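Visitor: need a 3D model of the sequence below.
(one chain, ligands or ions: 1)
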Amino acid sequence: MMEVAPLVLLIEDEDPMRRFLRTSLAQHNYRLVEAKTGEDGVVQARTHNPDIVLLDLGLPDIDGLEVTKRLRGWTTIPIIVLSARGQEHDKVIALDAGADDYLTKPFGTGELLARIRVALRHHARVDKEHPATSLTIGDVHIDFERRLVLVRDAEVHLTPIEYKLAAVLMRNAGKVVTHRQLLHEVWGPTHTNETQYLRVYMSQLRHKLERDPARPTYLVNEPGVGYRLRITER
Ligand code: CA
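Guide: Numbering: from 1, shown residues only. Sure, this is the predicted structure:
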């Protein structure tokens with residue numbers, strides 16, 4: 001764990017939502033900086049250099065998507081988008097523009113804190129100069145150098161596409177990866193609309209990695225958004 005409490009920048013115009021988050025975060029020893037507008041949020045990010053940003057999509061001046069783009073111009077700090085129902089499309093665009101995750105309002109404190117922990121941990125890991133050569137998530141182990149996948153210590157044969165898909169999800173474990181991002185990473189920039197490929201290969205991958213492919217533990221569908229390799233928390 002970090003020695004100093006992580007600093008959260010909250011960019012949100014609704015007072016009740018800010019009150020809720022202020023209370024929840026204070027109870028769990030996070031430090032907090034707040035902004036009520038997108039422009040101010042960008043300024044606060046530069047001034048305070050927070051560890052993570054919680055970003056409302058609907059803001060009175062520039063929207064959350066624009067804030068995401070401006071922040072991504074100079075920083076890789078984790079951004080968790082706070083979206084309302086009906087902002088499905090905006091949320092996906094924000095994720096494609098570089099946001100790390102999302103929470104749909106209303107959400108509970110437990111869910112919020114879990115997402116913050118995953119985002120901070122992931123950021124600490126990918127921030128290192130050399131990416132991990134192997135990763136273990138629950139029953140699944142991947143060795144990137146040998147292109148080897150083990151499930152409950154037994155080697156599983158994956159096709160090249162299945163391996164690429166598994167590798168992208170493992171490297172982003174805990175985070176949602178959008179359909180567009182997955183298609184781009186695995187099939188390349190000309191196939192970013194072929195979501196049916198994903199359904200087919202994700203089903204194959206579930207049959208190889210999951211105990212019960214019909215009730216996946218790891219390869220979780222985020223309807224209308226993408227997929228997430230779930231980290232089971234202790
Ligand atoms: Ca709002």
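
Visitor: every contact and neighbour count from this point should use C-alpha atoms.
Guide: Will do.

Visitor: by proximity to the ion, which residue of this structure wins?
Guide: For the chain, the residue closest to the ion is Gly58, as judged by Cα to the ion, at 4.1 Å.

Visitor: near that residue, how many other residues are there?
Guide: Other residues lying near Gly58 total 20 when counted by other Cα atoms under 10 Å.

Visitor: can you list the buried residues in stretch 102-120?
Guide: 102-103, 112, 115-116, 118-120 (16 or more other Cα atoms under 10 Å).

Visitor: I meant to write stretch 55-74 there.
Guide: 55-59, 63-68, 71-72.

Visitor: Three-state assignment for the residue of the chain closest to the ion, please.
Guide: At Gly58 the chain is in coil, as set by DSSP: H, G, I helix; E, B strand; the rest coil.

Visitor: thought it was touching Val67?
Guide: No - assessed by Cα atoms under 8 Å, Gly58 is found out of contact with Val67, at 10.8 Å.

Visitor: figure out the helix or strand that Val67 lives in.
Guide: Using DSSP states H and E, Val67 sits within helix 64-72.

Visitor: what bridges to Arg32?
Guide: That one is not Arg; residue 32 is Leu. Val8 (DSSP bridges).

Visitor: next: His141.
Guide: Under the criterion DSSP bridges, His141 forms beta bridges with Thr136, Leu150.

Visitor: neighbours of it, how many?
Guide: So His141, with other Cα under 10 Å, has 19 neighbours.

Visitor: separation between it and His122?
Guide: 17 Å (Cα to Cα, to the nearest Å).

Visitor: then Tyr201?
Guide: Counting by Cα to Cα - Tyr201 and His122 are separated by 25 Å.

Visitor: again, but for Leu65
Guide: Taking Cα to Cα, one finds Leu65 at 22 Å from His122.

Visitor: same check on Met202?
Guide: Using Cα to Cα, Met202 is found at 23 Å from His122.

Visitor: for the chain, what spans make up the helices?
Guide: For the chain, the helices defined by DSSP state H occupy 15-27, 38-48, 64-72, 88-96, 109-126, 160-171, 179-187, 195-209.

Visitor: okay, now Glu185: neighbour count?
Guide: Neighbours of Glu185 under the rule other Cα under 10 Å: 15.

Visitor: sorry, back to before: can you tell me which of the helices of the chain has the worst average pLDDT?
Guide: For the helices of the chain, mean pLDDT drops lowest on helix 109-126, to a mean of 88.

Visitor: what's in contact with it?
Guide: Helix 109-126 has contacts (Cα atoms under 8 Å, 6 or more residues apart in numbering) with 24, 51-52, 77-78, 80, 100-101, 103, 131, 172-175.

Visitor: please list the residues of this structure that sit near the ion.
Guide: Contact residues, the chain versus the ion (Cα under 5 Å from the ion): 58-59.

Visitor: who's in contact with Asp96?
Guide: With Cα under 8 Å, 6+ apart, Asp96 has these contacts: 178, 180-181.
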